[in-house]
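Asks: A predicted structure for the sequence below; I have some questions about it.
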Amino acid sequence: MKALVIVGHGSHLNEDSSLPVYEHAARIRERFGGEYDEVVECFWKEEPAMRHVLDTVEAEDVCVVPAFISEGYFTQQVIPRELGLAGPVTYKDGKAIRYAGPLGTFEGMADVILERADDLLRDKEVKPGRRALVLLGHGTDLNKSSGGVIYMNAERIKERGLYDLVEVGFLDQDPQIAEVVESVEAENVVLIPVFIAEGWHTRETIPEDLGLTGEVTRLANKTIFYGAPVGTHPSMAALIAARARETEQEIDTETQVARSTR
């Protein structure tokens with residue numbers, strides 16, 4: 001038997017924080033049900049808690065996928081500690097547990113970001129002029145890798161040549177998002193939060209700081225199109241399944257190579 005465990009952050013204050021994890025898990029059960037006998041959700045700040053989730057899983061072959069954007073404190077310390085993981089693969093209580101990387105570092109994330117941007121612009125009037133895509137990350141001065149994943153996805157999108165400009169801005173590190181949006185030299189600015197879920201920042205802080213009035217805000221010299229967090233897009237379900245699949249294949253390949261060299 002095989003199981004997929006999706007780990008979310010969760011929140012005691014924001015009921016929508018866990019919603020994307022539940023929605024993506026339901027989509028995986030519907031679309032990829034043949035790959036997994038069990039698809040289980042768990043959280044750091046909500047029930048069901050990740051500390052006990054492996055006790056509820058019957059499958060012997062388990063893949064754990066963190067529904068987080070970046071490598072950092074939670075993916076490198078909290079989740080391994082709470083689940084008792086010792087590395088990319090852990091054998092415990094009769095189970096083989098593979099641990100995947102966060103979603104933001106997976107190459108398919110750029111596709112989901114572009115899908116979110118396309119959905120935002122669909123059926124909207126886009127005036128003539130340059131188009132800029134601005135990726136908004138949370139960022140932190142305490143962990144530089146947090147912002148690195150945003151730059152990584154920006155570079156992947158730049159290589160496709162779909163936008164005149166692809167820029168990056170942050171809430172808690174430089175460059176600040178307000179400065180980026182103000183200075184970007186484009187008549188049409190598509191702003192996509194690279195967050196997992198809706199929350200205070202996406203609904204309150206960012207719109208207030210930028211003076212946004214909804215999905216479309218027309219200013220004197222530019223129009224800002226403001227999208228929902230990329231983590232709420234339905235395509236994230238396929239990304240989670242692909243991340244798990246790749247992790248399983250990589251670890252199985254490494255194991256086979258190790259055995260052949262003994």
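Replies: Yep, it's here. Computed from a predicted model, the values in this text were never measured in an experiment.

Asks: give me the buried positions along whichever helix or strand Gly169 is part of.
Replies: According to DSSP states H and E, Gly169 maps onto strand 165-170. For strand 165-170, the neighbour count (16 or more other Cβ atoms under 10 Å) marks Val166, Glu167, Val168, Gly169, Phe170 as buried. Placement of C-beta: from N, CA and C, glycine included.

Asks: give me the beta-bridge partners of the fourth one?
Replies: When bridges are called by DSSP bridges, Gly169 pairs up with Leu136.

Asks: now the helices for this structure?
Replies: 19-31, 53-56, 73, 79-83, 109-121, 144-158, 177-183, 200, 206-210, 236-260 (DSSP state H).

Asks: closest to Cys42 out of these?
Replies: When the helices of the chain are compared by Cβ to Cβ, helix 53-56 sits nearest Cys42, at 3.9 Å.

Asks: what residues sit buried inside that closest one?
Replies: Applying 16+ other Cβ under 10 Å to helix 53-56 flags Val53, Leu54 as buried.

Asks: pull the residues that contact it.
Replies: Val5, Val7, Val40, Cys42, Pro48, Val62, Leu83, Gly84, Lys92, Asp93, Lys95, Ile97 (Cβ atoms under 8 Å, 6 or more residues apart in numbering).

Asks: rerun at 10 Å
Replies: Among residues not part of helix 53-56, those counted as contacts by Cβ atoms under 10 Å, 6 or more residues apart in numbering are 3, 5-7, 38, 40-43, 48, 62, 64, 82-85, 90, 92-93, 95, 97.

Asks: nearest to Val230, of the helices of the chain?
Replies: Here helix 109-121 is closest among these (Cβ to Cβ), at 5.0 Å.

Asks: need the CA coordinates for the closest one. PDB is fine.
Replies: Extracted C-alpha coordinates of helix 109-121, given in PDB (Å, rounded to 0.1, in the frame of the first residue of the first chain):
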ATOM      1  CA  MET A 109       5.900  25.800  -9.900                       C
ATOM      2  CA  ALA A 110       6.700  28.300 -12.700                       C
ATOM      3  CA  ASP A 111       3.900  26.700 -14.800                       C
ATOM      4  CA  VAL A 112       1.400  27.100 -12.000                       C
ATOM      5  CA  ILE A 113       2.400  30.800 -11.500                       C
ATOM      6  CA  LEU A 114       1.800  31.400 -15.200                       C
ATOM      7  CA  GLU A 115      -1.500  29.700 -15.100                       C
ATOM      8  CA  ARG A 116      -2.600  31.900 -12.200                       C
ATOM      9  CA  ALA A 117      -1.500  35.000 -14.200                       C
ATOM     10  CA  ASP A 118      -3.400  33.800 -17.300                       C
ATOM     11  CA  ASP A 119      -6.500  33.200 -15.200                       C
ATOM     12  CA  LEU A 120      -6.300  36.600 -13.700                       C
ATOM     13  CA  LEU A 121      -6.000  38.400 -17.100                       C
END
